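**Q** have a look at this prediction, sequence included:
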Amino acid sequence: MKKNNNLDQYINAGGINGLGEGLINTNSKDFLALKSLIKKISANQSQEYIVENEFLAIRFQMESYLNEPANEIIQAGEFIERLLKVVHIKKKTFAKYIGYEDANLSALLKGRRKINPDLAIKLGKIFRMNPAIWLHIESKNDLMKELKGKEEIYQHYNLIDLMKKAG
């Protein structure tokens, strides 16, 4: 599996497992028949249904990022960019819609500006998801930044040590 950016680790590009190895003979008669059937069914899906499914996939990526250990920080802005791409909305149009200057949106997308509760609510309404997920991503990223290279500093903090000092 090619790694184009940090989000790729949460995408199953079809027919590959977590090791990046193919599990299915993609040249078999059964696979080709299934592929043909999927294409036929997909061609009849409404654009709204397709967008909903793509949004669902991105929400799953966001939840996976939150719930699994991560080696790299994924900025919330990366998820916003993916959502905008699905609906073919330009960043400038989006910035104006949410009441942001272009430069402020750019800083947000690059992780130089954080999502605040007001923006989390707007994003939640626009993309039909719980606003808390945006704030959770920011919190996870803050914790990862704080811990980076400082694990030893925090290791000596524990309940047993506290109880010994209190007793």
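**A** Everything's here; your move. Predicted model, so just to flag it, every value in this text is computed and none were measured. Residues are numbered from 1 along each chain as shown.
**Q** can you give me the mean pLDDT across the top helix by length along the chain?
**A** Counting residues, the longest helix found in the chain (DSSP state H) is helix 47-67. The pLDDT scores in helix 47-67 average 92.
**Q** OK, contacts around Asn104?
**A** The contact partners of Asn104, taken as Cβ atoms under 8 Å, 6 or more residues apart in numbering, are 95, 113. C-beta coordinates here come from the backbone N, C-alpha and C atoms, glycine included.
**Q** show the model's pLDDT score for it.
**A** At Asn104, pLDDT is 95.
**Q** relative to Phe55, how far out is the one residue sitting closest to the centre of the chain?
**A** In the chain, the residue lying closest to the centroid (Cα atoms, centre = their mean) is Met62, at 3.2 Å. Met62 is 10 Å from Phe55, where distance means Cβ to Cβ, to the nearest Å.
**Q** now do Ile115
**A** 18 Å.
**Q** next: Lys164.
**A** Taking Cβ to Cβ, one finds Lys164 at 51 Å from Phe55.
**Q** picking up where we left off before, ok now the longest helix of the chain, how far from the chain's centre?
**A** Using Cα atoms, centre = their mean, to the nearest Å, the mean C-alpha position of helix 47-67 is found 8 Å from that of the whole chain.
**Q** what helices or strands is that helix leaning on?
**A** In terms of contacts (3 or more Cβ pairs under 8 Å, 6 or more residues apart in numbering; DSSP states H and E), helix 47-67 is packed against helix 76-86, helix 132-147.
**Q** what residues of the first one count as buried?
**A** So that's helix 76-86. 76-84, 86 (16 or more other Cβ atoms under 10 Å).
**Q** contacts made by it with the rest, please.
**A** Helix 76-86 has contacts (Cβ under 8 Å, 6+ apart) with 5-7, 51, 54-55, 58, 61-62, 90-91, 94, 108-111, 114-115, 123, 127, 134, 137-138, 141.
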